[in-house]
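Visitor: show me the folded form of this:
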Amino acid sequence: MSEQILKINKVDICTESFGNPKDTAVLLIMGAMSSLDWWDDDFCLRLADSGRFVIRYDHRDLGRSTVYEPGTSNYTITDLADDAAGVLDAYSIERASIVGMSLGGMIGQILALRYPERVNTLTLIASSVFGTVMEKLPPMDQSILDHHAKSASIDWSNRETVIAYLADGWKTLAGTKPYEQERMYKLAKREADRAKQIPSRFNHAMLAGGDEYFDRMGEISVPVLIIHGTEDPALPYEHGLALAKAIPQAELVTLDGSGHEIHSEDWDMIIDSVIKLTSR
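Guide: Sure, this is the predicted structure:
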């Protein structure tokens, strides 16, 4: 593993890579309010051991990347797509396979439209259509919103309280598979220890922009893999089905019982599917 802080689009972006730079590049883009830590080390290493050069990174307002004052809006979703392209530039990678989780999948869609020459394949995990059709799909479960509402009373200087809040947030996102409490607390501890300013993560709730890419999923021409859990409480399974309908020739892999998560029980299927797609 190799972590570095890169100057991209006039901001600091923290990245970490795994594997041989000569192998096929895979850029992992995590979802809203989630640092690179939620791409497990072991998941990344297994992907790298399969002959892929894997890069993960912190979005703005997360981890060790540039953070802004909580409650402020300083960038758009298009800027986040530009950050992803900037990471590839920093690693001197002309083309990469993109794997996006949730919001990361929407960033990936914009990336494939904005920089089609940079994207080899696109994998969308627990994501949704970047467009108006999303308004017609089932909404996020209220329990997730209730959990985030608790953030107003959190003592962000109390490490143990912060860790519990971060880990328990993933419990609200779980499907019917067993909640991996030990693993979630381990990752939450890592995020809490790395983060410059955890409350800045909520700035993602004000993320806007990208209107020029709305409803253009039909223009994505690279091979696309959609991976979605049947019990996703944040972006219900119908979002995955809508993606498969919106993107021509996209392949849909269904994760029975999985929620808005990358559950360790699904790693084999996810990694095997990504390797198969990126071997084309």
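Visitor: contacts and neighbour counts: CA atoms only from here.
Guide: Will do.
Visitor: pLDDT below threshold where in the stretch 51-200 of the chain?
Guide: For the stretch 51-200 of the chain, no stretch is flagged by pLDDT under 70.
Visitor: could you pull out the helices in it for me?
Guide: Taking DSSP state H, counting those that start in this stretch to define them, one finds helices in the stretch 51-200 of the chain at 77-90, 103-114, 142-149, 159-173, 181-194.
Visitor: okay, residue 1: pLDDT?
Guide: For residue 1, the pLDDT comes out at 66.
Visitor: likewise for residue 242?
Guide: 98.
Visitor: ok so it is a helix residue?
Guide: Yes: according to DSSP: H, G, I helix; E, B strand; the rest coil, residue 242 belongs to a helix.
Visitor: skipping adjacent residues, who's closest to it in space?
Guide: Take residue 242 and drop its neighbours on the chain: the residue closest to it by C-alpha to C-alpha, 6 or more residues apart in numbering is residue 129, 6.7 Å away.
Visitor: also residue 86?
Guide: Per C-alpha to C-alpha, 6+ apart, closest to residue 86 is residue 8, 5.7 Å.
Visitor: so the one you found makes contact with residue 87?
Guide: Yes: judged on C-alpha atoms under 8 Å, residue 8 makes contact with residue 87 at a distance of 7.1 Å.
Visitor: ok, residue 247 - contacts?
Guide: 217, 218, 219, 220, 224 (C-alpha atoms under 8 Å, 6 or more residues apart in numbering).
Visitor: again with residue 125
Guide: 99, 100, 101, 102, 105, 226, 227, 228.
Visitor: who's it bridged to?
Guide: Assessed by DSSP bridges, residue 125 has beta-bridge partners residue 101, residue 227.
Visitor: give me the distance between it and residue 51.
Guide: According to C-alpha to C-alpha, to the nearest Å, residue 125 stands 21 Å off from residue 51.
Visitor: circling back: residue 8 and residue 87: which is more packed in?
Guide: Between residue 8 and residue 87, counted using other C-alpha atoms under 10 Å, the more crowded position is residue 87 (23 against 17).
Visitor: isn't the more buried one right up against residue 11?
Guide: No: using C-alpha under 8 Å, residue 87 is not in contact with residue 11, being 11.6 Å away.
Visitor: and residue 238, how far from residue 140?
Guide: Residue 238 is 12 Å from residue 140, by C-alpha to C-alpha.
Visitor: can you check residue 187 too?
Guide: 24 Å.
Visitor: which one of these two is surrounded by more residues?
Guide: residue 187 (22 against 14).
Visitor: which residues does residue 46 contact?
Guide: So residue 46 contacts residue 271 (C-alpha under 8 Å, 6+ apart).
Visitor: do you know the pLDDT at it?
Guide: The model's pLDDT for residue 46 equals 98.
Visitor: which residues in the stretch 151-280 of the chain form strands?
Guide: Counting by DSSP state E, counting those that start in this stretch, one finds strands in the stretch 151-280 of the chain at the ranges 224-229, 251-255.
Visitor: let me know whether residue 253 touches residue 227 as I believe.
Guide: Yes: Residue 253 is in contact with residue 227 according to C-alpha under 8 Å; the separation is 4.8 Å.
Visitor: what pLDDT does the model give the residue nearest the centre of the chain?
Guide: Computing the C-alpha centroid of the chain and ranking residues by C-alpha atoms, centre = their mean puts residue 30 first, at 1.9 Å. pLDDT recorded at residue 30 is 98.
Visitor: and it, what is it in contact with?
Guide: Residues counted as contacts of residue 30 (C-alpha under 8 Å, 6+ apart) are 36, 38, 39, 57, 59, 100, 101, 102, 103, 104.
Visitor: surely the first one touches residue 56?
Guide: Yes: the criterion here is C-alpha under 8 Å, and residue 36 meets it with residue 56 at 5.8 Å.
Visitor: how about residue 155: what's its closest non-neighbour residue?
Guide: The nearest residue in space to residue 155 (C-alpha to C-alpha, 6+ apart) is residue 161, at 7.0 Å.
Visitor: spit out the contact partners of residue 101.
Guide: 29, 30, 31, 124, 125, 126, 127.
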